[in-house]
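# got a predicted structure plus its sequence, pasted below:
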Amino acid sequence: MRFDVITLFPELFGPFLQHGINRRAFASGQVDVRLWPLRDYAEGNYRRVDDRPFGGGPGMVMLADPLARCWQAVREQRQAEGAPPAPTVLFSPLGRRMDHALVAREAQGPGAILVCGRYEGIDQRFIDQCVDVQISLGDFVLSGGEVAAMAWLDAVARLQPGVLNDAGSHQQDSFNPALDGLLDCPHYTRPEVWQGPRGQAAVPPVLLSGHHGQIEQWRRRERLSLSARLRPELIDQARAAGRLSPDDERWLALLQTAASRQGPNH
């Protein structure tokens, strides 16, 4: 799997690729990441990559020509080295919101050419002719696409075989189909009783019981409770997909009854 990253700031990726759990995926080449400095493909003494927008307005717009030259160089190198065709991804507020389903699908693919925008935006003509997919991290704006690209690479890399110490670890992640798309449950470790800044807090007794059936029931109900409270649309999606059991529905009904008794201020 190969990712070619077109960026004005390749130095931002150095620490990211060299540290953390996912570094073994990058260091081994299991996830091959190649950085393409955009200014290397700009012309003139100043290697200019942006200009004022037609029609006026604030900010600067990235020029189509340097982007297209770099993009073409990436495609030619991929082809010369026998890399499979891959989509060109632009990180943009206009794109599809990044989610687990999208990441899991792309984790099985050949990789992509990642375009990191900057300034007010990118000349639309480059987007129209060269970009296949636009992806957004959420309803907010970043200074550039590099942070989004790192989030994308991190999410994809951790799903590769052998990257995580426990092969089944990502199966317990929030939004994973293995958890029916629900949020994950709370986690605890030693000590059993922790003296925190607001007093003592103990591990839920069921987790110390050694009764695997009861532990799994507690975890399931916590996932349902958190999802219903924080992300109710996940409950709706799980219900529509037929992923909720009769016991799940009974628990959700109890939660709803308890919430109605407490009133809107709780």
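Okay, I see it.

# how about I135, secondary structure?
strand (DSSP: H, G, I helix; E, B strand; the rest coil).

# now for the nearest residue to it once chain neighbours are set aside, which secondary structure element holds it?
Nearest residue to I135, sequence neighbours excluded (Cβ to Cβ, 6 or more residues apart in numbering): G95, at 4.3 Å. C-beta here means a position set from N, CA and C on the backbone, and glycine is covered the same way. Element membership for G95 (DSSP states H and E) is strand 88-97.

# show me which residues of the following helix or strand past that strand are buried.
Past strand 88-97, further along toward the C-terminus, the next helix or strand under DSSP H and E is helix 100-106. Using 16 or more other Cβ atoms under 10 Å as the test for burial, helix 100-106 gives H100, L102, V103, A104, E106.

# do stretch 107-118 as well
A107, G111, A112, I113, L114, V115, C116, G117, R118.

# any idea how far the last one is from F54?
Summarising the geometry, the distance separating R118 from F54, computed by Cβ to Cβ, to the nearest Å, is 18 Å.

# next one: the worst-scoring helix or strand of the chain on mean pLDDT to chain centre, how far?
The helix or strand of the chain with the poorest confidence is helix 23-27; it has a mean of 90 (mean pLDDT, DSSP states H and E). Relative to the chain's own centre, helix 23-27 is displaced by 18 Å; criterion: Cα atoms, centre = their mean, to the nearest Å.

# likewise stretch 218-237?
For stretch 218-237, the distance to the chain centre is 20 Å (Cα atoms, centre = their mean).

# contacts for it next, please.
175, 179, 181-186, 204, 206-207, 238, 244, 248, 251-252, 255-256 (Cβ atoms under 8 Å, 6 or more residues apart in numbering).

# now restrict the residues you listed to buried residues only.
Judged by 16+ other Cβ under 10 Å, buried ones among the contacts of stretch 218-237: 175, 179, 181-185, 207, 238, 244, 248, 251-252.

# could those residues go into a markdown table alongside pLDDT?
Converted to a markdown table, those look like this (pLDDT from 0 to 100):
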| residue | pLDDT |
| --- | --- |
| F175 | 59 |
| L179 | 74 |
| G181 | 91 |
| L182 | 92 |
| L183 | 91 |
| D184 | 90 |
| C185 | 91 |
| L207 | 97 |
| A238 | 96 |
| L244 | 96 |
| D248 | 97 |
| W251 | 98 |
| L252 | 98 |
